[in-house]
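Chemist: Sequence first, predicted coordinates after that:
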Amino acid sequence: MLTWLLRSSLALGLVFVPVFAQQPGSFLVVGDTLASAMMMFVGSPNKVHIIDKVEANAHQINGHAVYASVWDLDSRTATPIDTVTNAFCAAGMHLPNASYAVFGGNAGIGPGGTNTGPGSTPAFDPTYQDYDGRQAIRMITSCTGNVNAAPCNWYDQPNGLRMIKRRWYPGAEALADGTIVLIGGFTQGGFINRNYPNVDPAYEGGQAEPTYEFFPPRTQPPQVMNFMIKTSGLNGYALAFLMASGKMFVQANYSTCLWDYNNNIETPLPDMPGQVVRVYPASGASTMLPLTPYNGYNPTILFCGGQSMPDADWGDYGYPHVDTWTVPASSDCQRITPEPADGSAPAYVQDDDLPVGRTLSQFIALPDGTLLLLNGAQNGTAGYAIRTLDVLSLNQMPFGMSLASGPVLQPAIYNPNAPAGNRWSTAGLGSSNIPRMYHSTAILLPDGSVMVAGSNPNADVDLTTVFPTTYTAEYFYPPYFSAKIRPAPQNIPTTLSYGGNPFDITVPPSSYTGDPNVAASNTTVWLIRQGFTTHGMNMGQRSMQLNNTFTVNADGTILLHTAQLPPNPNLFQPGPAFLWVTIAGIPSNGTFVMVGSGQIGPQPTSPASVLPASVRSGGSGNNATTTNNGTTNGSKSNGASPCDGTAGHVLVSLVVAAVTLALS
């Protein structure tokens, strides 16, 4: 009823704002996103950008269906925003100046996701009026102005900024200088990235793209990545994480490697235990664990859930060769530290099993150091189809086009620092009433809640099938919303550097409870980049605890002496992020900050911040805090403001020039 009222009132030009409550551990329906949220990212302190595939959305803009919208966090309403290329199953990543870029997608399509209508071609479909998005690069910087006019609108031109290769389901990761590496992908799409039998694992007769390229482009043309050939078939959205060394950890199919992308050298790492597949369409959850002073800021990657089936069952571009909705998802979790600090050989380590097996789920880093897992299903895979090898027609498919079944409606929280056997908890966590299946998304918001949206395991809009196209958004409120008082930090800087002078954050006594010394001793400072969410991933998501000491004044005011980031941009790439102060597990609201110079290029570094000893109220010293590791140079530059949309369009101009130069 709430969704109907929201849609009806918006259609009439009215504003409908319901009364909201914040119940810890609960979901709350908050409104209509206008575009089914296949992708989302937090573009500024008060805006979430939403991107949909091209489909028969009833909402219209400029004479065609709405394929994107902007969600305002203050009013909790969506505004349509125009895009013209098909971003279906694209990749996305932040840029150093707070812009976001979206790479690739599908060809131009018409009704039913096909090109069978009059005049329809992969380049353009006249019915849906969308252009081929397979090489497209779309860019935006959040603005406070008109979202459908420069400088606040999407840069999205059919013959504008383009990748060198066509890429559908590409992997993406940012580098220490802000450059983005784009890995593999399909060229024409399908269920998995292979024919069967697989006689051409490199190119699949022209349907697979085994190369990688950079944005902005380098002078060297795209090179073949052998890992994409080794993992042929199950390598859509290859999982990529930049390591402290500057090399990249890459996982696809059940293989892993450490990759030197500058020289295209791959170092094989152990296979995924049990040959559990985590990438699309198995769609297990994966994330980097929070980087902290206590783990030496050494990246560890966590994988949970996904799917394990015999090779033949995965099928091919057309459809799976098994009725996937009958196959239980994996509950297995594995950790790996790709670059062990002691020099030992990297190895997967068995972690606590999920409370229930999941596919299509994702991890959200929370500002208390834990990880929220939500969305997904107990059986099957991502994707959709009109048949399988055994079920020969859509009308015989028990869940419509969906290849997954058994929605998991209750989230779970993972504590990476809890003893083995006690890391998962569902205590006090309620359940959603909305199945979040294929094409569902989730993102951390500045107030510490989590926006959950999307779900559409269908070729086009279908509002009546078992798992319908979903435009309804919810907020999930983690357990820390039980606090009646939350920290209200002051004097947080707008830019952070890699090493350099520390800074002081002031926490007034009115914004916490209990003994000031105890509160100060239980305070952490978290820097989180929420990433770009799609297909159970948050591309670019990173969580880092900044080292701090403290001084407690006689009036209870706490001064947090806070270190800059470790002097290694590989650990937390330059660009936008949010900073939270968390006292005894209760986070403040997040403050938008810019990390690094705001420019693409080598980041300034300074020696690691040196912090004073902690001082408790009464003058007693306390030297029991940890100091940052590393080296770096932290000259503070004013990065582009998230509300200065000019920056995004200026960057587009610069990149267009760079592309022209590189290709000439």
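Modeler: The structure has been received and is ready for your questions.

Chemist: Are we agreed that residue 473 is in a helix?
Modeler: No - if the criterion is DSSP: H, G, I helix; E, B strand; the rest coil, then residue 473 is strand and not within a helix.

Chemist: Am I right that residue 304 is in contact with residue 283?
Modeler: No - taking contacts as C-beta atoms under 8 Å, residue 304 lies outside contact range of residue 283: 11.2 Å. C-beta coordinates here come from the backbone N, C-alpha and C atoms, glycine included.

Chemist: Identify the contacts common to the two.
Modeler: A shared contact of residue 304 and residue 283, defined by C-beta atoms under 8 Å, 6 or more residues apart in numbering, is any residue touching both; here these are residue 361.

Chemist: Past the lowest-mean-pLDDT helix or strand in the chain, which element shows up next along the chain?
Modeler: Taking mean pLDDT, DSSP states H and E as the measure, helix 2-11 is the helix or strand of the chain with the lowest mean score, a mean of 37. Towards the C-terminus, the helix or strand next in line after helix 2-11, according to DSSP states H and E, is strand 26-32.

Chemist: any idea how far that following strand is from the chain center?
Modeler: Between the centre of strand 26-32 and the centre of its chain there are 20 Å (C-alpha atoms, centre = their mean, to the nearest Å).

Chemist: quick thing: my sequence starts at 23, can you match it?
Modeler: Okay, residue one is now 23; in that scheme the one you just asked about reads as strand 48-54.

Chemist: Which strand or helix spans the most centrally placed residue in the chain?
Modeler: By C-alpha atoms, centre = their mean, the mean C-alpha position of the chain lies nearest to residue 560, the distance being 1.6 Å. Here residue 560 is covered by strand 559-561, with elements defined by DSSP H and E.

Chemist: That strand pairs with which strands, parallel or anti?
Modeler: Under the criterion DSSP bridges, strand 559-561 sits next to strand 554-556 (antiparallel) in its sheet.

Chemist: which outside residues touch the strand it pairs with?
Modeler: Residues from elsewhere that reach strand 554-556 (C-beta under 8 Å, 6+ apart): 60-63, 111-116, 122, 124, 384, 463-465, 560-562.

Chemist: Just the terminal-to-terminal distance for stretch 515-523.
Modeler: With C-alpha to C-alpha, to the nearest Å applied, stretch 515-523 spans 12 Å between its terminal residues.

Chemist: try stretch 322-337
Modeler: The distance separating the two terminal residues of stretch 322-337, taken as C-alpha to C-alpha, comes to 32 Å.

Chemist: one step back: now, the contacts of strand 554-556 that are in helices?
Modeler: Assigned to helices by DSSP state H, none of the contacts of strand 554-556 qualify.

Chemist: Roughly how far does residue 171 sit from residue 91?
Modeler: According to C-beta to C-beta, to the nearest Å, residue 171 stands 16 Å off from residue 91.

Chemist: Between these two, which is the more surrounded one?
Modeler: Comparing residue 171 with residue 91 by neighbour count (other C-beta atoms under 10 Å), the higher total belongs to residue 91, at 27 against 11.

Chemist: Name the SS class of that one, please.
Modeler: Reduced to three states by three-state DSSP, residue 91 is strand.

Chemist: which residues are contacting stretch 527-537?
Modeler: Residues from elsewhere that reach stretch 527-537 (C-beta under 8 Å, 6+ apart): 507-514, 538, 541, 545, 547, 570, 577-582, 584, 603, 605-606, 608, 610.

Chemist: Which of those residues are buried? Put it as a PyMOL command.
Modeler: In PyMOL, the members of the contacts of stretch 527-537 classed as buried (16 or more other C-beta atoms under 10 Å) are selected with the following command:
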select buried, resi 508+509+511+514+538+541+545+547+570+578+579+580+581+582+584+603+605+606+608+610
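
Chemist: In strands, which of the contacts of stretch 527-537 fall?
Modeler: Cross-referencing the contacts of stretch 527-537 with the strands (criterion: DSSP state E) gives 545, 547, 570, 580-582, 584, 603, 605, 608 as the overlap.

Chemist: Would you reformat the residues you listed as TSV and include distance to residue 107?
Modeler: Shown next, in TSV, are the ones in strands among the contacts of stretch 527-537 (distance: C-beta to C-beta, whole Å):
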residue	distance to residue 107
545	46
547	40
570	45
580	50
581	50
582	45
584	42
603	41
605	46
608	43
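
Chemist: about what we covered before: tell me the spacing between the residue nearest to the centre of the chain and residue 276.
Modeler: From residue 560 across to residue 276, the span is 22 Å (C-beta to C-beta).

Chemist: Residue 409 now?
Modeler: 27 Å.

Chemist: again with residue 325
Modeler: In this view, residue 325 and residue 276 are 11 Å apart by C-beta to C-beta.
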